[in-house]
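# pasting the sequence and the predicted coordinates here, then a few questions.
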Amino acid sequence: MITVKKRVLTGFIVAIMLTGMLFSGCSLVSVDPEKDRAQVIAEIGDETILKESFNNYMAYYYMYYKASGMTFPTGDDLNTMKSDLLDDLVRVNVLTIQAKADGVEPAASSSVDVATMISSLKTSLGDDEFAKVMSTYNTDEESFTAFLTDLMDKYGYADAMQSKFEEDLKADPSQELSTVVGTIDGEDVTKDQYNYQLANQELTYYYTNQSAMPTDDDTMATTNETIFNDLAERQVLAAYAAENGIEADQQDVTDYVSAQDAFVGYLFSDDATFQEYLDSKYLTIEQWDAFVQEDGTASAIALAIQDQMKQDVEISDKDIESYYEDNKDTYDSDTVSAMHILADTEEQAQSIYEEAKNITNKDEFQALVDKYQGQDGIQEATDLGAFDYDTMVEPFSEAAFAADVNTVVGPVQTDYGYHVIFVYDKHTAEIPSLDDKRDEIKETLTENAVTDKFDALKESLMKKVKIEINDIQDPFDAYVEDLKTQMNVTVYDNRI
């Protein structure tokens, strides 16, 4: 089951805990304290952000790290974090300015008791360490308190702005969904197409791994390449089919849609839960269904192309005979029935073997299984029933198939440990003849040949395709960047 909550701008303390934007400090260069604090590090129209705010923010993060027992980053990581911290100050101030201009008020529940926060920091660090941090970052408790109070207030406005933005976007996502995120041979790929494909990638990842898909830069870059390549492949195959008079079978489309419906039904308990997930992509179930139908048509076209290729494949008797000889061992359906006791150490397994080596019937070995089940060092003691050679790891199968019925063998070492095995039955089956397997082999060889031809066709067609992927931004992040442009924001990274 997947449930997705609405993404909101986290409050200051939660942001520290969850976003990983934790910043290290270092001793400031010895400069005039007043001049240092008065430096302008960012301009937002006629308003400014002073170095004093940055110093206090650094002081807070330093204390948070210390109180949490974490180690400060250094070097390039430190520089990156400082830049991110400055960006966060700018972002919060920009959103606050816009919120006040739009008459957007923070939620009443967004307030934070700064006095309690500072008291907690003092308790964690001790008064002397707290005072040392204030000195290190060229600030004092009065300035620190005023900064945190102001920042908490601004985070309230920023939270409210993000909530309003997402509510407005959900009510009318048309502009966001029509945003061009790239091109395939000059043809625009819009955000609605992209979001649908991204949702498919996320759901498939969850189904396979039972966890959410990572969102780090490398993963997203790979995911975006996959999405655009899939769309491009679909596009070139559709053009190829049209040029060659190949049409999709409607039954294949229907089968694809049914499979996708079953997939979604497995992951989500009902339409409401599914819609809650789709809200994160600004899509409706109706839009999803329309995209599934398009995907179904694309899948059916691919199958139709392969069906046509199948008509041109010729498999000779020699090919069939060679395949049979090469794979004859896989047709062996002989089985062995056995019990085993699996120990962690060879010494323990040897001791069990000495106790079991003269056993000649299943009941006696079952008594030994019952005795050792659950004992320390015993991973498993059970009746495995009948199995073929390929079912078990090779050392186990080799020993079991070589043993006589009603005999004990061991210890047999595998990657799992040391086995004592009792074989109580064997069944020998006749290997199917070439004539018995002829039709099956021909079908296998035909499918393999079609797969090779189809892959070669796709590779040939894709060589001619030009794909361009834009910088794909979260809509709220893009909104903030647009506000920065409108407000003529200037940031002085070199002053921090």
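The structure has been received and is ready for your questions.

# just the strands in the stretch 251-400 of the chain please.
Taking DSSP state E, counting those that start in this stretch to define them, one finds strands in the stretch 251-400 of the chain at 335-343, 378-387.

# and the ones you listed as a markdown table, adding distance to residue 300?
Placement of C-beta: from N, CA and C, glycine included. Putting these into a markdown table (distance: least, CB to CB, whole Å) gives the following:
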| stretch | distance to residue 300 |
| --- | --- |
| strand 335-343 | 41 |
| strand 378-387 | 40 |
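
# of those strands, which approaches residue 269 most closely?
The minimum distance between residue 269 and those falls on strand 378-387, with 36.1 Å, by CB to CB.

# so what touches that closest one?
Residues from elsewhere that reach strand 378-387, judged by CB atoms under 8 Å, 6 or more residues apart in numbering: 335-344, 348, 366, 368-370, 372-373, 392, 397, 416-417, 425, 427.

# what does stretch 431-441 give?
By CB under 8 Å, 6+ apart, the surrounding residues in contact with stretch 431-441 are 320-321, 323-324, 328, 331-333.

# check residue 73 and give its pLDDT.
At residue 73, the pLDDT value in this model is 82.

# how many neighbours does it have?
Burial of residue 73 is recorded as 16 neighbouring residues (other CB atoms under 10 Å).

# give me the three-state assignment for it.
Here residue 73 is recorded as coil under DSSP: H, G, I helix; E, B strand; the rest coil.

# hang on, isn't it packed against residue 81?
Yes: if you go by CB atoms under 8 Å, residue 73 and residue 81 touch, sitting 5.9 Å apart.

# re earlier: indicate which one of the strands of the stretch 251-400 of the chain is closest to residue 47.
By CB to CB (comparing all of the strands of the stretch 251-400 of the chain), the closest turns out to be strand 378-387, at 67.5 Å.

# off-centre distance for that closest one?
Distance of strand 378-387 from its chain centroid, counting by CA atoms, centre = their mean, to the nearest Å, is 36 Å.

# for it, buried residues please.
Neighbour counts using 16 or more other CB atoms under 10 Å place 378, 381, 384, 387 of strand 378-387 among the buried residues.

# mind putting these into a markdown table with distance to residue 236 and pLDDT?
Output for the buried residues of strand 378-387, formatted as a markdown table (distance: CB to CB, whole Å; pLDDT from 0 to 100):
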| residue | distance to residue 236 | pLDDT |
| --- | --- | --- |
| 378 | 58 | 94 |
| 381 | 57 | 94 |
| 384 | 50 | 94 |
| 387 | 46 | 93 |
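
# show me where the stretch 101-250 of the chain has helices.
According to DSSP state H, counting those that start in this stretch, the stretch 101-250 of the chain carries its helices in the segments 114-125, 127-136, 141-171, 174-177, 191-209, 217-243, 250-267.

# let me know the angle separating the second one from helix 141-171.
Relative orientation of helix 127-136 and helix 141-171, computed by axes from the mean of the first three to the mean of the last three CA atoms, to 10 degrees: 80 degrees.

# now for helix 127-136, which elements pack on it?
Identification of packing neighbours for helix 127-136 by 3 or more CB pairs under 8 Å, 6 or more residues apart in numbering; DSSP states H and E yields helix 51-68, helix 114-125.

# on that earlier part again, can I get the helices of the stretch 101-250 of the chain in a markdown table with mean neighbour count and mean pLDDT?
Below are the helices of the stretch 101-250 of the chain laid out as a markdown table (neighbours: other CB atoms under 10 Å; pLDDT from 0 to 100):
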| stretch | mean neighbour count | mean pLDDT |
| --- | --- | --- |
| helix 114-125 | 15 | 92 |
| helix 127-136 | 15 | 94 |
| helix 141-171 | 18 | 94 |
| helix 174-177 | 14 | 94 |
| helix 191-209 | 18 | 96 |
| helix 217-243 | 16 | 96 |
| helix 250-267 | 14 | 96 |
